[in-house]
Structures are given as C-alpha cells and as structure tokens.
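Colleague: Below: sequence and its predicted model.
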Amino acid sequence: MNPTTPPSGPALEGGFRTEAERVAGARLKEIFERCPDPWEKKMEAFPKYVKRQNITRLLAQYEVFKRALPVKGSIVECGVFRGATLMAWAHLSAILEPVNLTRRIYGFDSFEGFPAVSGKDQAALTGQLAPGALYGNCHDELKEILQVHDSTRFLGHVPKVQLVKGDATKTIPEFIAQNQHLVVSLLFMDFDLYEPTRVALEHFVPRMPKGAVLAFDELDNPLWPGETRAMLEHSAGRRLALQRIEFDPYIGFAVLD
C-alpha cells in the first residue's frame, strides 16, 4: 500500500497531507466528470487527471523494473491491494520485453484486507490496526482487466499474470511446493505487515539469483513498522545495500549480490 494514498480514517491520515492535497482528488474528479470528451479520450489523456504522486509512482516502478529487466526470473508482488502496481508491472513487461514469454508476474493478496495483525505491526501513528483493514476486493475485476490486457499484447495467448488469493502465510508455501521451477528476478514487498513479509522473504529470496531486485514499499515508514522488522530479521546475517529512487520517497530496494 503506497502511503501517498493512505487508508481512510483520521488516525492513518495524520499530518502526511496538506489540506490542498486532501481535496485535490475531489477537485480533479469534478473536472474529469465535467469534461465532455468520451471516456476513452479522457483515459488517453490520463496525465491531465492524475496527481503528481501517481505519476511519481509509475516512474519509480519503471526505474525498479529496468534494474530487473536483464535478470532471468519472474516478478512476485506481495500485496496487490487494488491492482495499480500489479498492472504497471504487466504493462512494463508488455512494452519493454514483449517476447519474454517465460517471465510471469504473480500477485499475492487476500483480497479481503489484512487476515491478521500482530503486535509487531502496531504503531502510535496508525492507531490500532485490525484484521480486515485495507480491504480491496478487486480480484474478479482484475481478472477481467487482465483478459482485456492479454487480448491486445504480443503473445497474449501465453499466460503472463497470475493472482494468488488467500492468506499469504499459507498460500506462499503452497505455491512454492507446486511451482518448483520458480526463479524470482523482482520481489516487490507491499504486505505492510510483519508476518506475511517474513514468510515471503523466507520462501522467495532463496530463489533470487545474483542481480535480482528485492524491493520494499514501506521501509523506514512509521506507519508500518512490521515490514522493516521482518526485513531486519531476515537480513541479519547479510547487510542489504538499500537504495532509493531519487525522486520517490517510498520505494527502497537492493540489488542482490
């Protein structure tokens, strides 16, 4: 979950956005709906209607994807939420490597909000997190969108994106057991919470070759301490050379050696 669009509720919104930033979405929505152009024309001109933070996010993903581009393996996203980041990976792959039919994109999420929350995830800035928070049930919508996406991409008859629904602490071990061929070139951690992040790192990092990219969305973020705690525990015997994209405050990543 990208904190540029924090979950609803005053405890989570805090002081991260100014009043102008809080009302910008509503103002843009009004302008979008007032425009007489057909929907498709509006989408073609989408930079008019999205906020700077959204373009920043897309460009940051492009920079991360480029670093994984020459590395053999698939992309694993842990925490799909409403699917924007997942679809960005899908579009980037279709544009930059249209004939790479073996690189798959796997998205893990409960699609029902947090299955569980531990004490390691609680922070003063967020208040009391609870199961079901960050509910974003877009599983069926995403499957339909992916069908449209496949219908227009090169080699669209070869599956590219797979959604894995359920509690990731259970689905990840099951997925690994059923997919022993898996090699991971880019692992994008966006579960926010300690336990699923720990499980994902434990199972996917051993399948990442030299040069693969391990990326996090919530490191050093006071709203979500669990992700950092899981990273520190997992990398205790191996210091990660954490980097950031110069223009993006959120994504942190390491190129594995």
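Modeller: Sure thing, it's come through. What you see is a predicted model; the values in this text were computed from it and never measured. Numbering: from 1, shown residues only.

Colleague: Identify the residues contacting the residue in the chain sticking out farthest from the centre.
Modeller: Most distant residue from the mean C-alpha position of the chain: Pro36, 33.3 Å away (C-alpha atoms, centre = their mean). Contact analysis of Pro36 by C-beta atoms under 8 Å, 6 or more residues apart in numbering lists nothing. For the C-beta atoms, the positions are set from N, CA and C on the backbone; glycine is no exception.

Colleague: That one and Glu195: what is the separation?
Modeller: 50 Å (C-beta to C-beta, to the nearest Å).

Colleague: cool, Arg229 as well?
Modeller: To Glu195, Arg229 is 10 Å away according to C-beta to C-beta.

Colleague: Give the residue spans of the stretch 1-150 of the chain that score low on pLDDT.
Modeller: Applying pLDDT under 70 to the stretch 1-150 of the chain flags the ranges 1-15, 124-128.

Colleague: how much space is there between Ile75 and Val161?
Modeller: Note on Ile75: its distance to Val161, by C-beta to C-beta, is 9 Å.

Colleague: For the two, list the residues in contact with both.
Modeller: Jointly contacting Ile75 and Val161 under the rule C-beta under 8 Å, 6+ apart are 104-106.

Colleague: Give me the secondary structure label for the residue farthest from the centre of the chain.
Modeller: Assigned with DSSP: H, G, I helix; E, B strand; the rest coil, Pro36 falls in the coil class.

Colleague: Just give me how far stretch 55-75 sits from the chain centre.
Modeller: Centroid separation between stretch 55-75 and its chain, computed with C-alpha atoms, centre = their mean, to the nearest Å, is 12 Å.

Colleague: With only the CA atoms kept, save that stretch in CSV.
Modeller: C-alpha atoms of stretch 55-75 as CSV (Å, rounded to 0.1, in the frame of the first residue of the first chain):
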residue,chain,number,x,y,z
ILE,A,55,3.0,9.7,-12.0
THR,A,56,5.9,9.6,-9.5
ARG,A,57,4.8,6.1,-8.5
LEU,A,58,4.7,4.9,-12.1
LEU,A,59,8.1,6.3,-12.9
ALA,A,60,9.6,4.8,-9.8
GLN,A,61,8.3,1.4,-10.8
TYR,A,62,9.8,1.9,-14.2
GLU,A,63,13.2,2.5,-12.7
VAL,A,64,12.9,-0.6,-10.5
PHE,A,65,11.7,-2.7,-13.4
LYS,A,66,14.6,-1.6,-15.5
ARG,A,67,17.1,-2.9,-13.0
ALA,A,68,15.4,-6.4,-13.1
LEU,A,69,14.9,-6.4,-16.8
PRO,A,70,18.2,-8.3,-17.7
VAL,A,71,17.8,-10.8,-14.9
LYS,A,72,16.3,-14.2,-15.5
GLY,A,73,13.2,-14.9,-13.5
SER,A,74,9.6,-13.9,-12.7
ILE,A,75,8.1,-10.9,-10.8
